[in-house]
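**Q** I would like to see how this sequence folds:
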Amino acid sequence: MDIKVRMAKKDDAFELSELFVEFVGTGSNIEKIQNQLDLLHNQPNYYVAVACFEEKVVGTALVIVCPDIVGECQPYLLVENVVVSSVYQEVELVRNS
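**A** Have a look, this model is predicted:
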C-alpha cells in the first residue's frame, strides 16, 4: 500500500473531521478547521500533515517546532492529534517521499 504524506489543505477539512470522530467521538466544525488551517499555514513552526491513500485522507498529525531553553537550546518537535483511520491501522504501509 502506497501512502503519500503532504501538508493539509482547506479541502481536507471534511475528511479530517471524519478522522477526528474516531479520535474524540464527535465531529468538528468544518469551517473552523478550514480557518485554523489557514492560520497554521502562516505559522512557520506549525505543520499539519495528512497521510493519503489514493487521494483519501487516512491519517493526520499536527507537528510543532518548539524552541528550547535547556542545554544548547536546540528546538524539539511536539507531535499532537495523531490519528490514523481504524481501517488502516493494521495495514503495512510504504511511505513514498
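**Q** show me where the protein has its strands.
**A** With DSSP state E as the criterion, the chain has strands at 2-7, 46-53, 56-66, 76-84, 94-96.
**Q** for residue 38, find the nearest of those strands.
**A** Set against residue 38 and scored by CB to CB, the strands of the chain come closest in strand 46-53, at 10.9 Å. Placement of C-beta: from N, CA and C, glycine included.
**Q** as a markdown table, the strands of the chain with distance to residue 25, mean neighbour count and mean pLDDT would be great.
**A** Shown next, in a markdown table, are the strands of the chain (distance: least, CB to CB, whole Å; neighbours: other CB atoms under 10 Å; pLDDT from 0 to 100):
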| stretch | distance to residue 25 | mean neighbour count | mean pLDDT |
| --- | --- | --- | --- |
| strand 2-7 | 25 | 13 | 92 |
| strand 46-53 | 21 | 18 | 96 |
| strand 56-66 | 16 | 17 | 96 |
| strand 76-84 | 12 | 13 | 95 |
| strand 94-96 | 29 | 8 | 51 |
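**Q** nearest to residue 18, of those strands?
**A** strand 56-66 (8.1 Å).
**Q** okay, now the sheet partners of that closest one, with direction.
**A** Sheet partners assigned to strand 56-66 using DSSP bridges are listed as strand 46-53 (antiparallel), strand 76-84 (antiparallel).
**Q** what's the angle between that strand and strand 2-7?
**A** 40 degrees (axes from the mean of the first three to the mean of the last three CA atoms, to 10 degrees).
**Q** quick one: residues in contact with strand 56-66.
**A** Contacts with strand 56-66, where a contact means CB atoms under 8 Å, 6 or more residues apart in numbering, come from 3, 8, 12, 15-16, 19, 40, 44-52, 75-85, 87-88.
**Q** got the contact list for residue 17?
**A** Going by CB under 8 Å, 6+ apart, residue 17 touches 27-30, 33.
**Q** same deal with residue 46?
**A** So residue 46 contacts 40, 62-65 (CB under 8 Å, 6+ apart).
**Q** recalculate using a threshold of 7 Å.
**A** Residue 46 makes contacts with 40, 64, as judged by CB atoms under 7 Å, 6 or more residues apart in numbering.
**Q** separation between it and residue 72?
**A** Distance, residue 46 to residue 72, using CB to CB, to the nearest Å: 23 Å.
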